[in-house]
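Enquirer: Curious how this folds, go ahead:
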Amino acid sequence: MAYQALAVKTALLEAVRMGLRTLTIWSDSQSLITAITSRGRITEPFGVLYDIEHLCNSFSAVSFRHVPRLKNTEADALAKLALMNLIDSV
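Expert: Numbers count the residues shown, from 1 in each chain. Predicted structure coming up:
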């Protein structure tokens with residue numbers, strides 16, 4: 001779930017940079033969507049969910065939706081490519 005959370009944070013940062021006011025983020029990680037949309041106390045250790053919560057305040061509307069992995073193959077391939085590029089740049 002950590003990589004997916006970092007991908008969401010990166011998408012939010014890019015959307016802020018672009019000046020978007022509304023945003024829908026789709027993810028095949030139901031546990032991540034639940035963690036982001038739950039109104040409970042954020043306790044994860046690295047602060048990524050906390051960052052996501054605060055970045056959401058930059059928009060007039062943000063929604064998070066789950067999409068089954070089998071219907072998310074293109075996005076999954078792009079995410080894996082981005083991860084490989086990130087690893088190669090380190």
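
Enquirer: Can you list the low-confidence ranges for the chain?
Expert: Applying pLDDT under 70 to the chain flags residues 39-46, 82-83, 86-90.

Enquirer: residue boundaries of the strands in this protein?
Expert: Secondary structure of the chain (DSSP state E): strands located at 22-27, 61-66.

Enquirer: Among those, which comes closest to residue 15?
Expert: strand 22-27 (5.2 Å; C-beta to C-beta). C-beta coordinates here come from the backbone N, C-alpha and C atoms, glycine included.

Enquirer: roughly how far is the closest one from the heart of the chain?
Expert: 8 Å (C-alpha atoms, centre = their mean, to the nearest Å).

Enquirer: Which parts of that strand count as buried, going by neighbours?
Expert: 23, 25, 27 (16 or more other C-beta atoms under 10 Å).

Enquirer: Just send the strands of the chain back as CSV, with distance to residue 7 too.
Expert: Listed next are those as CSV, based on distance: least, C-beta to C-beta, whole Å:
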stretch, distance to residue 7
strand 22-27, 8
strand 61-66, 12
